[in-house]
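Trainee: give me the fold of what follows.
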Amino acid sequence: MKKILLTGFVPFLDNPINPTEEIVQGLHKKSVNGWEVVGEVLPVDFHVTGDHLVELIHKVQPSAIISLGLAAGRNRITPERIAINCNDGPVDNQGYKPDGEKIISDGPDGYFSSLPIKKMVKELENNGIPAKISNTAGAYLCNHVMYRALHEIEQQKLDIFSGFIHIPASHKLALTNNIPSFAQKDLQRAIEICIGCLD
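Mentor: This is a model prediction of the structure:
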C-alpha cells in the first residue's frame, strides 16, 4: 500500500490546541482510499522543524505528503498553491522571530504545490464542505514546511506529490475566540476527502 506522510503542528502562539494535531493523530496508521497514513506532529520551531521533516521524508519514503496548518479566521478548507523562500512572522514556540530571511539561501523564490488542489476543492465542495485555493501560505512555519518538502523533492528528484492545506479553527478552539469554526470530525473528514483525490 502506498504511504502518505501527513503532518500537523503542536499548539502555537495563543492557541491552546491545534486541530491539525488531532487530525494527524486520528488518521495515523489508518488506511484512507488505498493510502496508508503515517502521521507526524511537528514542533513550531524555525530551527528544527524543516530538518525534521526532511528526515521523515527519507525515513518514511512516502508517495505523497500533505502538511496541515491552522489558519484561525479562515472560513473554509484552503489548499495552498505556492510556497515562498521566506521566513517571517511572529515568534515560534522557542521565542525566535524571523525577519524575512530566506529558508534556503540559494533556493528558488518559490515552489508550486504538486497536489491536485483544484480537484480537492471540487470534491470538498461536492461533499458540502466550503473550500477554496489559497494563493498565500504566509511566511510562518506552514509556508516553511511546504517549501522545505518541495525543495527536498526537487533537489533529490523524488517522485512524491507534496503540498499544504490550511484548515479553519475547530469549535473547541473557537470557544474563546470570535472566529469561524468547523466540527473537528468535519475537519478530519475534509482531509480524508483530500487524500482520496490522490492517484
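Trainee: and residue 8, that's in a strand?
Mentor: Yes: applying DSSP: H, G, I helix; E, B strand; the rest coil, one finds residue 8 inside a strand.
Trainee: ok, it - contacts?
Mentor: Listed by Cβ atoms under 8 Å, 6 or more residues apart in numbering, the contact set of residue 8 reads 18, 20-24, 39-42, 67-69. To be clear about C-beta, it is placed using only N, CA and C from the backbone, and glycine gets the same treatment.
Trainee: downstream of the longest helix along the chain, the next helix or strand is which one?
Mentor: Assignment by DSSP state H gives helix 141-156 as the longest helix of the chain. Using DSSP states H and E, the helix or strand that follows helix 141-156 in sequence is strand 161-167.
Trainee: just to revisit the earlier point, want to try CSV for the contacts of residue 8, with secondary structure, neighbour count and pLDDT as columns?
Mentor: What follows is these, written out as CSV (DSSP: H, G, I helix; E, B strand; the rest coil; neighbours: other Cβ atoms under 10 Å; pLDDT from 0 to 100):
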residue, secondary structure, neighbour count, pLDDT
18, coil, 24, 98
20, helix, 27, 99
21, helix, 19, 99
22, helix, 18, 98
23, helix, 26, 99
24, helix, 25, 99
39, strand, 19, 99
40, strand, 17, 99
41, strand, 18, 99
42, strand, 24, 99
67, strand, 29, 99
68, strand, 26, 99
69, strand, 27, 99
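Trainee: which two among these are spaced furthest apart?
Mentor: Of all pairs drawn from these, the one with the longest distance (Cβ to Cβ) is 22 and 67, at 15.3 Å.
Trainee: run the angle between the longest helix of the chain and strand 161-167 for me.
Mentor: 180 degrees (axes from the mean of the first three to the mean of the last three Cα atoms, to 10 degrees).
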